[in-house]
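S.K.: Everything below, folded, please.
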Amino acid sequence: MRRALIVAIGGIALACTDGSEDARAIAVLIDVSGTYADQAPAVIKTVKAGILPSMMPGDTLTVVRIDDASYGKDNIETKLTLAPRRSEANAQKLQTARALDGFAKRVKPARHTDVTGAVMIAADYLRDAEPDRKMMVIFSDLREDLPAGTRRVLGDDELAGIRVLALNVKRLEADNRDPQGYRARMTAWRERLIGAGAEDFRIYVDDQRLVEALHRRARGGT
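M.R.: This is a model prediction of the structure:
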């Protein structure tokens, strides 16, 4: 993990300011399928170093596990809304960081990958949070593999008002043999998510780009 992210971990308890007039709701989706489960420790480090420090009082965070059947309340790993008082918000961040460490240690690879189910339940929680600024961050290879009998259809406005970011999109062995497969998969997801009303869909290769985007938006930037 690059130095900027390591430094940010130490800032989890320092990044809060008193009060926030422009709260955000962030949903983080973490893939634990067999092709991606080995990424869990690195993903948790990125969440702790990049996302938690960017959060301010009033912000909401929901962490969703992507596994065999992801559209369920038991797929919510952790959820919090930061308290107005700085001391309370700092304590919440530290407690969440510990919960995420525990999640990384108990990850068991899933046989299938229900990305869409996780997107759907994350969207439900983002709508409930109510802030105008909503963001979904997906950590996955985005290769969906639904169990037999599972059906997922995104509504036309399922992701209305939500910005979607994908980070650490792992290249599969087949992608290394033919990069066009990876590119086609990303294009298909972009068309599907935008078609469901998402404001944007961006893929970040560099962890630091995510950190910069989150902190920029924490200050009210675009």
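
S.K.: List the buried residues of the helix or strand hosting residue 98.
M.R.: Using DSSP states H and E, residue 98 falls within helix 86-106. For helix 86-106, burial by neighbour count (16 or more other CB atoms under 10 Å) applies to 86, 89-90, 92-93, 96-97, 100, 103-104. Heads up, the C-betas are built off the backbone N, CA and C, glycines and all.

S.K.: if I pick the most centrally placed residue in the chain, what's in contact with it?
M.R.: Centroid-nearest residue in the chain: residue 28, 2.1 Å away (criterion: CA atoms, centre = their mean). Counting by CB atoms under 8 Å, 6 or more residues apart in numbering, residue 28 touches 47, 51, 61-64, 136-137, 139.

S.K.: and it, how far is that from residue 51?
M.R.: When distance is defined by CB to CB, to the nearest Å, residue 28 is 6 Å away from residue 51.

S.K.: Can I get stretch 150-161 as CSV, trimmed to CA atoms?
M.R.: What follows is stretch 150-161, C-alpha atoms only, in CSV (Å, rounded to 0.1, in the frame of the first residue of the first chain):
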residue,chain,number,x,y,z
THR,A,150,-31.4,-16.3,-9.3
ARG,A,151,-32.8,-13.3,-11.3
ARG,A,152,-31.6,-9.7,-11.0
VAL,A,153,-33.1,-6.8,-13.0
LEU,A,154,-32.1,-3.2,-12.3
GLY,A,155,-35.0,-0.7,-12.5
ASP,A,156,-34.7,2.3,-14.8
ASP,A,157,-34.2,4.7,-11.9
GLU,A,158,-32.7,2.1,-9.4
LEU,A,159,-29.5,4.2,-9.2
ALA,A,160,-30.9,7.7,-9.7
GLY,A,161,-28.7,10.3,-8.1
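
S.K.: Look up phi and psi at residue 64.
M.R.: Main-chain torsions, residue 64, degrees, to the nearest 10: phi -120, psi 130.

S.K.: thinking again about what came up before, shared neighbours of residue 28 and residue 51, anything?
M.R.: 61, 137.

S.K.: Partner strands of the helix or strand that contains residue 26, with direction?
M.R.: Assessed by DSSP H and E, residue 26 sits inside strand 24-31. Paired neighbours of strand 24-31 in the sheet (DSSP bridges): strand 60-66 (parallel), strand 133-139 (parallel).

S.K.: Which positions within whichever helix or strand comes after that strand qualify as buried?
M.R.: Per DSSP H and E, strand 24-31 leads on to helix 40-46 as the next helix or strand towards the C-terminus. Buried residues in helix 40-46, counted by 16+ other CB under 10 Å: 40, 43-46.

S.K.: now stretch 66-80
M.R.: So for stretch 66-80, counting by 16+ other CB under 10 Å, buried means 66-68, 70-71, 75, 77-78, 80.

S.K.: go on, stretch 105-122?
M.R.: Residues of stretch 105-122 classed as buried: 107, 110, 112-122 (neighbour count, 16+ other CB under 10 Å).

S.K.: Just give the number of residues close to residue 57.
M.R.: Residue 57 has 19 neighbours, counted by other CB atoms under 10 Å.

S.K.: What of residue 210?
M.R.: 24.

S.K.: Rounded mean pLDDT for the helix holding residue 98, please.
M.R.: Across helix 86-106, pLDDT averages out at 94.

S.K.: Measure how that helix sits relative to strand 60-66, angle-wise.
M.R.: 0 degrees (axes from the mean of the first three to the mean of the last three CA atoms, to 10 degrees).
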